[in-house]
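Undergrad: let me see the structure of the following:
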Amino acid sequence: MKVSNNSNDLLITYSLGSCLGVVIFDPEANVAGMLHSMLPLSKIDTKKAAASPHMFVDTGVPLLFKEAYALGADKKRIIVKAVGCSSLMDEKGFFKIGERNFNVLRKLLWKNNILIEKQDVGGNYSRTVSIMVASGRVIVKTGGKEKEL
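TA: Next up is the predicted model:
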């Protein structure tokens, strides 16, 4: 997880398979943040969650928002984008980690009256996502191609 208000920063995370990438941006405060979470719920390993809360969606997402607020972001202005959550290496859909990650995110945001503006989730391929703090421009790369989200 990383949050920044430095317009020179580029936040990037690689290899989002079933993992969830959450990208937030407040255009007025010029605050951007990114979270790369591996698992949906921290209750499966509370010790690991205490040491690395960003590893889990249910503890990482609130932390991401709190850090953004500390830099001046406002909940009413934050733009949220979600990336990842594929079924890579789970083609039979047994574990559904990606799907569960996305469902936990949606539930958390819904409870806090926050909507996802754009998303690139699902499928069976990995993604790399980046955000330019200066502009809030989000780029998703997969299979040698890139697109703006």
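Undergrad: grab the nearest non-local neighbour of Ser42.
TA: In space, Ser42 comes closest to Ala49 once its chain neighbours are excluded; the distance is 3.4 Å by C-beta to C-beta, 6 or more residues apart in numbering. Where you see a C-beta, it was placed from the backbone N, CA and C, and this is true even at glycine.
Undergrad: residues in contact with Gly33?
TA: Counting by C-beta atoms under 8 Å, 6 or more residues apart in numbering, Gly33 makes contact with 1-4, 11, 22-25, 64-65, 67-68, 73.
Undergrad: these in strands, which ones?
TA: 2-4, 11, 22-25 (DSSP state E).
Undergrad: would you format those as TSV with neighbour count and pLDDT included?
TA: Shown next, in TSV, are the ones in strands among the contacts of Gly33 (neighbours: other C-beta atoms under 10 Å; pLDDT from 0 to 100):
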residue	neighbour count	pLDDT
Lys2	17	98
Val3	23	98
Ser4	19	98
Leu11	20	98
Val22	27	98
Val23	25	98
Ile24	24	98
Phe25	26	98
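Undergrad: between those, which is closest to Lys81?
TA: Closest to Lys81 out of those is Val23 (4.5 Å), distances taken as C-beta to C-beta.
Undergrad: what about the residue lying closest to Met132 once chain neighbours are set aside, distance to Gly144?
TA: Spatial nearest neighbour of Met132, chain neighbours left out: Leu10 (5.6 Å); criterion: C-beta to C-beta, 6+ apart. As defined by C-beta to C-beta, to the nearest Å, Leu10 lies at a distance of 20 Å from Gly144.
Undergrad: which one's more surrounded, these two?
TA: Shown here are Leu10 and Gly144; by other C-beta atoms under 10 Å, Leu10 has more neighbours (14 against 5).
Undergrad: which ones are touching that one?
TA: By C-beta under 8 Å, 6+ apart, the contact list for Leu10 reads 130-133.
Undergrad: what segments of the protein are strands?
TA: Secondary structure of the chain (DSSP E): strands at 2-4, 10-16, 20-26, 31-37, 79-84, 118-121, 127-132, 138-142, 145-148.
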